[in-house]
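Engineer: sequence and predicted structure are below.
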Amino acid sequence: MPKTKSSGQPIKDELPSTLQRSDAKAQRTFAKAHDSAAEEYGEGERAHRVAYSALKHSYEKVGDHWEAKEKRGPSDAQAKGGVDTDRETKGGVDANASKEHLMGIARRLDVKGRSKMNKDELVDAIQKANDRETAKSRGD
């Protein structure tokens, strides 16, 4: 999985596709966290989860890529709880953001019926829209 070049930059083709479409800082954050976790726990799912958890503290998934969050911190209850929690993740949606922020993201993603949704429904709708955009970008 992600390794960094001697320059400190991640090897782009080893990153998940959503990160390949994201800015360099998001790519470095994921790659460094992954490399550190792989040293600690070995390659595999756990290193991957650790890297995404680190990414989600500074970035949120919007469509088919990751964008810097307005405010650092865990994106959902799972990210906040640590390794021993077993809560549902929101797939990179910043579920702790304000409803106003989520409405803006939903508007950008053209989520239908967003004006009638409560915050939890917005989070779920954005997650589904993100999944659709990612599948479309991958050609699925």
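Structural biologist: All right, it came through fine. Residues are numbered from 1 along each chain as shown.
Engineer: which ones are touching the residue positioned nearest the centre of the chain?
Structural biologist: Nearest to the mean C-alpha position of the chain, counting by Cα atoms, centre = their mean, stands Gly92 at 3.4 Å. Gly92 makes contact with Thr18, Tyr52, Leu55, Lys56, Tyr59, Glu60, Lys61, Trp66, Ser75, Gln127, Asn130, according to Cβ atoms under 8 Å, 6 or more residues apart in numbering. (C-beta placed from N, C-alpha, C; glycine too.)
Engineer: only whichever of these are buried, select them in PyMOL.
Structural biologist: To isolate the buried members of those in PyMOL, using 16 or more other Cβ atoms under 10 Å:
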select buried, resi 18+52+55+56+59+60+61+66+75+127+130
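Engineer: from the contacts of Gly92, which single one is nearest Lys136?
Structural biologist: Here the nearest of those to Lys136, counting by Cβ to Cβ, is Asn130; it sits at 10.7 Å.
Engineer: run the chain-centre distance for stretch 26-38.
Structural biologist: Relative to the centre of its chain, stretch 26-38 is centred 13 Å away, using Cα atoms, centre = their mean, to the nearest Å.
Engineer: er, stretch 40-52 actually
Structural biologist: On Cα atoms, centre = their mean, the centre of stretch 40-52 falls 15 Å from the chain's centre.
Engineer: only alpha carbons, please: show it as PDB.
Structural biologist: Included here for stretch 40-52 are C-alpha records, laid out as PDB according to Å, rounded to 0.1, in the frame of the first residue of the first chain:
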ATOM      1  CA  GLU A  40       3.300  -1.000  13.900                       C
ATOM      2  CA  TYR A  41       0.700  -3.500  12.900                       C
ATOM      3  CA  GLY A  42       1.800  -4.900   9.500                       C
ATOM      4  CA  GLU A  43       0.300  -4.400   6.100                       C
ATOM      5  CA  GLY A  44      -3.500  -4.900   5.800                       C
ATOM      6  CA  GLU A  45      -6.900  -3.700   6.900                       C
ATOM      7  CA  ARG A  46      -5.800  -2.300  10.200                       C
ATOM      8  CA  ALA A  47      -3.200   0.000   8.700                       C
ATOM      9  CA  HIS A  48      -5.700   1.100   6.100                       C
ATOM     10  CA  ARG A  49      -8.300   1.900   8.800                       C
ATOM     11  CA  VAL A  50      -5.700   3.900  10.800                       C
ATOM     12  CA  ALA A  51      -4.800   5.900   7.700                       C
ATOM     13  CA  TYR A  52      -8.400   6.800   6.900                       C
END
